[in-house]
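Chemist: Predicted model and sequence below, questions to follow.
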Number of protein chains: 2
Amino acid sequence: MATLKEVAKAAGVSPSTASAALRGLNIVKPDTTHKVIDAASKLNYHINLSARALRSGHTNIFTLIIPDLENDFYAKLANSLADALFIDGCRLIIQISQYDSGKELELVKQQSSSLCDGLFICSTSNTATTIQGAAGDRPVLLFDDMSAPEEECYDSINTTSQGGMYALIHHLQQCGRKRIGIVGVNELAAKNGPRYLGLTLRKRRYAYALAALEQLYGSSEGSAINADWSVESGITTAHELVRQGMPFDALCCMNDQLAFGIMRGLAETGVNVPDDVAVTGFDGVNAGGFTTPTLTTMAIDFAGMAHSAVSMMRRQLELRESSSPMIPQHVIVGSRLLARESTLGRTASTGFTTR
Amino acid sequence: MATLKEVAKAAGVSPSTASAALRGLNIVKPDTTHKVIDAASKLNYHINLSARALRSGHTNIFTLIIPDLENDFYAKLANSLADALFIDGCRLIIQISQYDSGKELELVKQQSSSLCDGLFICSTSNTATTIQGAAGDRPVLLFDDMSAPEEECYDSINTTSQGGMYALIHHLQQCGRKRIGIVGVNELAAKNGPRYLGLTLRKRRYAYALAALEQLYGSSEGSAINADWSVESGITTAHELVRQGMPFDALCCMNDQLAFGIMRGLAETGVNVPDDVAVTGFDGVNAGGFTTPTLTTMAIDFAGMAHSAVSMMRRQLELRESSSPMIPQHVIVGSRLLARESTLGRTASTGFTTR
DNA sequence: CTGAAAGCGCTAACAC
DNA sequence: GTGTTAGCGCTTTCAG
């Protein structure tokens, strides 16, 4: 391995000049830069990033902590983020928390600031303050931060729970549905109703769904259905609802995985989607385009999400540089309704589409 | 940030002793180790990994290059590999090649050996020798290496194309199917037949499928169907086959994505799976457990795959350490038949199962 | 078993 | 614009 010193000697300049030239700094004369670049490629020089990181204090590596890569939502998020960072010449380390909030905190602690310039976290249940305890003073950006307003200490990027739930329920109303079940509420919230928009994405989406029901139907009586956000939970929930005589003509699921499970469970029990029951999801993962029926859902703008995430992280880094105080920002990413067969019926669609 | 020097001073030892103690080397007296660890935690010490990497020459970071994270196969692979590496205290950087062999090579080149200890590559179409040109002398492990035998210069881990295709076709035979189409062959191979088990996974699986057909049915006439390994391609292929009067009673697809597309396309044209046509996939991704019908497929042992990958990488690293010559190893990972509704019929299954 | 000294390869600060 | 100097924080000799 050639070192910078050797390149500098070959180009007839000093190491610092060579360094500046290779980094494309404008303070170097064009032909000096040229000489250096030539020498570097002749010697097949590759920078030693550990040395640069040690000296400069940053690595251009970021870490994303997510519960799971097999869930399409997180896979899409990771994919988009990796792409967005790559454009900026940065790399992404992915760490899996396996839906375990303890392991998640452990991972946050482990990301020594010497290795990664910033953390993107998709937390299952930790609040911003909890994470701050583990992260120390490293830059952090949260996806769907569920902290109470007073503890929102980090930038966050949020899915359009409010607009999304409203759009879906409005769509179901336009399809003529009268009794809409909101699927994916957690047990306590289902029993007591949401006190505030707090602490979990499930509660938040539930609250907004109730609000939309109130607004559009004038009531949200008996519409909450307790379920995990997983395929398995969807299947057992569907069976249970059928056993109860299916008191709904539409099931508005809080994410796509759950909707897939609901659709599967309904198919197993001979209930037709959407003739008997319409189903909607949330996220817009790919599988919704090829299930039978295809799934009506809110498609999150993942590319936009990743783009915002990267530029917000940059902002944090710059503020830190100038040691300005950082006032957390919160962005809500766009999404749009994908109306497909699970609400419109099978004739309405013309095959595979993510549009 | 506390440094090792400070920890050492606080513990009343020298930096080198502190370093050894923190790394758990046995050469340090137990109570010295204790003192050091205490001091470190008291000072909230975190090692600077850049400095360690610069000095020691390795980072415990590995890179996985894959075409895409949204494809469930790669997502599972990435997930398993991240887990397997995590157990060893290593981290994984994921880089997306977007199915572009040029970008893939570019990514390989960019992984400066100072940043990552080794490369795991899931190549779309580059051969081992091509990759070697870009990788230089860094450790590399290939998934489903399609190089001709004479250029297999790296360790590789391969899916059970031979056993898998045989098992699937045997299963279809047992289900009473007479005319089996092999879906997902590329155009040239479909026309000319495979000359050798060469150069692409598609050709390889095709060749083994033909061999199985010959062996089990005595002929493989007219069984190759040209298609990409994607959902979209599956849909158009299904429509095309129906237009031709569907000359098959079973379609053996070379991966799950393609099978999902085929099933979707058949549903759109009113063909019943499996009553009219049985369908099989390959890989065993999660979605196959909740489509209607659920998909019969060969489920790859992803955990085993990742485990082997990590231990083979370790071996390469050790050989390199002792500067022994490295003789490439090739492992074939296990997989097993998941017989589900797309061949057995809808009554056969009892809901969601990945078993 | 522990300590002293050297240096991994780079960039930042400053002098010219 | 360019060169000189110093040192980031750690690990690795090697001496005791």
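Modeler: Arrived safely, thanks for sending.

Chemist: Help me confirm that A:Thr236 comes into contact with A:Arg264.
Modeler: No. With contact defined as Cβ atoms under 8 Å, A:Thr236 does not count as touching A:Arg264 (10.6 Å). Every residue, glycine included, has its C-beta placed from N, CA and C.

Chemist: And these two? Which one has more around it.
Modeler: Of the pair A:Thr236 and A:Arg264, A:Arg264 is the one with more neighbours under other Cβ atoms under 10 Å in any protein chain shown, namely 22 against 16.

Chemist: Please identify which helix or strand holds the more buried one.
Modeler: helix A:256-268 (DSSP states H and E).

Chemist: burial measure for A:Leu338, as a count.
Modeler: 20.

Chemist: Can you spell out the domain ranges of chain A, please?
Modeler: Per automatic domain parsing, the domain ranges recorded for chain A read A:1-45, A:161-299+A:338-344.

Chemist: thinking again about what came up before, what's the helix holding A:Arg264 packed up against?
Modeler: The contact analysis (3 or more Cβ pairs under 8 Å, 6 or more residues apart in numbering or on different chains; DSSP states H and E) places helix A:256-268 against helix A:72-87, strand A:180-185, helix A:231-243, strand A:250-253, strand A:278-280.

Chemist: could you redo the last one with a cut-off of 10 Å?
Modeler: Packing contacts for helix A:256-268, counted by 3 or more Cβ pairs under 10 Å, 6 or more residues apart in numbering or on different chains; DSSP states H and E, involve helix A:72-87, strand A:180-185, helix A:231-243, strand A:250-253, strand A:278-280, strand A:297-300, helix A:341-344.

Chemist: For it, what does the pLDDT average out to?
Modeler: Per-region confidence: helix A:256-268 scores 97 on mean pLDDT.

Chemist: Let me know the angle separating that helix from helix A:231-243.
Modeler: Helix A:256-268 runs at 40 degrees relative to helix A:231-243, counting by axes from the mean of the first three to the mean of the last three Cα atoms, to 10 degrees.

Chemist: okay, the angle between helix A:256-268 and strand A:180-185?
Modeler: If you take the same axes, to 10 degrees, helix A:256-268 sits at 120 degrees to strand A:180-185.

Chemist: For the stretch 51-200 of chain A, which residues score under the pLDDT cut-off?
Modeler: A:188-199 (pLDDT under 70).

Chemist: how about the strands in chain A?
Modeler: A:61-66, A:91-96, A:118-121, A:140-143, A:155-158, A:180-185, A:224-226, A:250-253, A:278-280, A:297-300, A:330-332, A:335-338 (DSSP state E).

Chemist: Save those as CSV, and put in distance to B:Pro149 too.
Modeler: Converted to CSV, these look like this (distance: least, Cβ to Cβ, whole Å):
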stretch, distance to B:Pro149
strand A:61-66, 38
strand A:91-96, 34
strand A:118-121, 43
strand A:140-143, 46
strand A:155-158, 49
strand A:180-185, 52
strand A:224-226, 57
strand A:250-253, 51
strand A:278-280, 51
strand A:297-300, 46
strand A:330-332, 53
strand A:335-338, 47
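
Chemist: Which one of those lies nearest to DNA strand D?
Modeler: strand A:61-66 (16.8 Å; Cβ to the nearest atom of the strand).

Chemist: what are the pairing partners of that closest one, and which direction each?
Modeler: In the sheet, strand A:61-66 lines up against strand A:91-96 (parallel), strand A:118-121 (parallel) (DSSP bridges).

Chemist: got CSV for these, with distance to DNA strand C too?
Modeler: Listed next are these as CSV, based on distance: least, Cβ to the nearest atom of the strand, whole Å:
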stretch, distance to DNA strand C
strand A:91-96, 16
strand A:118-121, 17
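
Chemist: Kindly compare burial across these and name the winner.
Modeler: For the strands paired with strand A:61-66, average neighbour numbers computed from mean count of other Cβ atoms under 10 Å in any protein chain shown are highest in strand A:118-121, which has a mean of 26.

Chemist: Which single residue in the stretch 101-250 of chain A comes nearest to DNA strand D?
Modeler: Nearest residue of the stretch 101-250 of chain A to DNA strand D (Cβ to the nearest atom of the strand) works out as A:Ser114 at 7.3 Å.

Chemist: how much space between that residue and chain B?
Modeler: Distance from A:Ser114 to chain B, counting by Cβ to the nearest Cβ, to the nearest Å: 4 Å.

Chemist: How about A:Pro325?
Modeler: Look at A:Pro325 and chain B: by Cβ to the nearest Cβ, they are 21 Å apart.

Chemist: ok, that residue - how many residues close by?
Modeler: Neighbours of A:Pro325 using other Cβ under 10 Å come to 5.

Chemist: what do you get for A:Glu187?
Modeler: A:Glu187: 10 neighbours (other Cβ under 10 Å).

Chemist: residues contacting it?
Modeler: Contact analysis of A:Glu187 by Cβ atoms under 10 Å, 6 or more residues apart in numbering or on different chains lists A:Ala224, A:Asn226, A:Ala227.

Chemist: 7 Å instead?
Modeler: Contacts for A:Glu187 (Cβ atoms under 7 Å, 6 or more residues apart in numbering or on different chains) come out as A:Asn226.

Chemist: Tell me how far it lies from B:Pro328.
Modeler: Plainly put, A:Glu187 is 54 Å away from B:Pro328 if you go by Cβ to Cβ, to the nearest Å.

Chemist: What of A:Leu295?
Modeler: Relative to B:Pro328, and taking Cβ to Cβ, A:Leu295 is found at 45 Å.

Chemist: Which one of the two is surrounded by more residues?
Modeler: A:Leu295 (29 against 16).

Chemist: Count the neighbours of the nearest residue to that one once chain neighbours are set aside for me.
Modeler: Nearest residue to A:Leu295, sequence neighbours excluded (Cβ to Cβ, 6 or more residues apart in numbering or on different chains): A:Gly288, at 3.5 Å. Residues lying near A:Gly288 (other Cβ under 10 Å) number 26.

Chemist: Contact partners for A:Gly288?
Modeler: Here A:Gly288 is in contact with A:Asp256, A:Gly281, A:Thr294, A:Leu295, A:Thr297 (criterion: Cβ under 7 Å, 6+ apart).

Chemist: Residues in contact with the top helix by length along chain A: which ones?
Modeler: Using DSSP state H, we find that the single longest helix of chain A is helix A:302-321. With Cβ under 7 Å, 6+ apart as the contact definition, helix A:302-321 has outside contacts at A:62, A:76-77, A:80-81, A:83-85, A:88, A:117-118, A:120, A:139, A:141, A:155, A:157, A:326, A:329, A:331, A:333-334.

Chemist: May I have it as PDB, with CA atoms only?
Modeler: Taking Å, rounded to 0.1, in the frame of the first residue of the first chain, the C-alpha atoms of helix A:302-321 are listed here in PDB:
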ATOM      1  CA  PHE A 302     -39.300   6.700   1.000                       C
ATOM      2  CA  ALA A 303     -36.900   8.500  -1.200                       C
ATOM      3  CA  GLY A 304     -38.100  11.800   0.100                       C
ATOM      4  CA  MET A 305     -37.900  10.500   3.600                       C
ATOM      5  CA  ALA A 306     -34.200   9.400   3.100                       C
ATOM      6  CA  HIS A 307     -33.300  12.700   1.400                       C
ATOM      7  CA  SER A 308     -34.800  14.700   4.300                       C
ATOM      8  CA  ALA A 309     -33.000  12.500   6.800                       C
ATOM      9  CA  VAL A 310     -29.700  13.000   5.200                       C
ATOM     10  CA  SER A 311     -30.000  16.800   5.000                       C
ATOM     11  CA  MET A 312     -31.300  17.100   8.500                       C
ATOM     12  CA  MET A 313     -28.300  15.000   9.700                       C
ATOM     13  CA  ARG A 314     -26.000  17.400   7.800                       C
ATOM     14  CA  ARG A 315     -27.600  20.300   9.500                       C
ATOM     15  CA  GLN A 316     -27.000  18.800  12.900                       C
ATOM     16  CA  LEU A 317     -23.400  18.200  12.000                       C
ATOM     17  CA  GLU A 318     -22.900  21.800  10.800                       C
ATOM     18  CA  LEU A 319     -24.600  23.200  13.900                       C
ATOM     19  CA  ARG A 320     -22.300  21.100  16.000                       C
ATOM     20  CA  GLU A 321     -19.300  22.400  14.000                       C
END
